[in-house]
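**Student:** starting from these lines, generate the structure:
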Amino acid sequence: MGQCIGRVGRRAKYLLLRLDSGALIVHLGMSGHLSIVAADAPPSKHDHVDFVLDDGRAVRLTDPRRFGSVHWQPYPVEVHWLLDGLGPEPLSTAFSGAYLAMRARGRRVAIKSFLMDARVVVGVGNIYANEALFLAGIRPRIAAGRLSLPRLGALADAVKATLASAIQSGGTTLRDFAAADGRPGYFVHELAVYGRGGEPCVRCPGVLKEVRLAGRATVYCPRCQH
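**Tutor:** The predicted structure follows:
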């Protein structure tokens, strides 16, 4: 399009490549990635999109499962239907116990499902929801609206701590995830509950219980979480 890439950013799970008159919104799906290749490099089976640069190279989108997508949005980018209505970033100051209390008031939905709703907060997937609820001592099935402000404050802090630890460890590798440098994510070795149903709790003599909640694997300690 003959435009310059001014800045590369992120909103929730979407990469934002900000150009002169708008932005490319790129979703990598579950296993997609971007790489720099020669513009004339022949595509492989799972290569789908090239963004050709003026130096003879291209930014190539590879997506084996085809869950990713690319969208163009003129400014302001935030009005795009993928971004409009998203909740705050979990590591921002906007995400707090007071914010959760406001959004949870009168809600009967399970706190785990509430926490994974991108309209409430972005970036808290199934693994991190399990871990944060364990860290905060909150049972996944309790109704969001039943939790007190102090407990929701503890949950907001637990989400931030869990995500900070995961980022420090390079993410969580389950199957085919790898960081930009090709290394796997090592947070999988720090998981306290996810994937450990039936195993001893790391905090108490109890045994972790695994259930299905909204179709997702949910693991908690019946003794530590209430």
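**Student:** next, count neighbours for the closest residue to Pro200 other than its chain neighbours.
**Tutor:** Leaving aside its sequence neighbours, Pro200 sits nearest to Val207 (Cβ to Cβ, 6 or more residues apart in numbering; 6.1 Å). No exception for glycine: its C-beta is placed from N, CA and C like everyone else's. Number of residues near Val207 (other Cβ atoms under 10 Å) recorded here: 14.
**Student:** for Val207, grab phi and psi.
**Tutor:** Here is the backbone geometry of Val207 (degrees, to the nearest 10): phi -120, psi 140.
**Student:** and it, what pLDDT?
**Tutor:** Val207 carries a pLDDT value of 97.
**Student:** just the one 4 residues further on next, same as before
**Tutor:** You'll see Val211 listed with a pLDDT of 96.
**Student:** quick check: which element contains it?
**Tutor:** Following DSSP states H and E, one finds Val211 within strand 209-213.
**Student:** please identify the pairing partners of that strand and their relative orientation?
**Tutor:** Sheet pairing of strand 209-213 (DSSP bridges) gives strand 216-220 (antiparallel).
**Student:** quick one: contacts of the strand it pairs with?
**Tutor:** 112, 116, 126, 130, 133-134, 139-140, 193-197, 208-212 (Cβ atoms under 8 Å, 6 or more residues apart in numbering).
**Student:** weed out the non-buried ones from those.
**Tutor:** For the contacts of strand 216-220, a burial check counting by 16 or more other Cβ atoms under 10 Å picks out 112, 116, 126, 130, 133-134, 139-140, 193-194, 196, 208-210.
**Student:** same question for the lengthiest helix in the chain, mean pLDDT?
**Tutor:** Longest among the helix segments of the chain by residue count, using DSSP state H, is helix 149-168. Helix 149-168 shows a mean pLDDT of 95.
**Student:** output the contacting helices and strands for that helix.
**Tutor:** The contact analysis (3 or more Cβ pairs under 8 Å, 6 or more residues apart in numbering; DSSP states H and E) places helix 149-168 against helix 97-104, helix 111-115, helix 126-136.
**Student:** how about the closest residue to Lys160 other than its chain neighbours, what does it touch?
**Tutor:** In space, and not counting its chain neighbours, Lys160 is closest to Leu91: 5.9 Å by Cβ to Cβ, 6+ apart. The contact partners of Leu91, by Cβ under 8 Å, 6+ apart, come to 160, 163-164.
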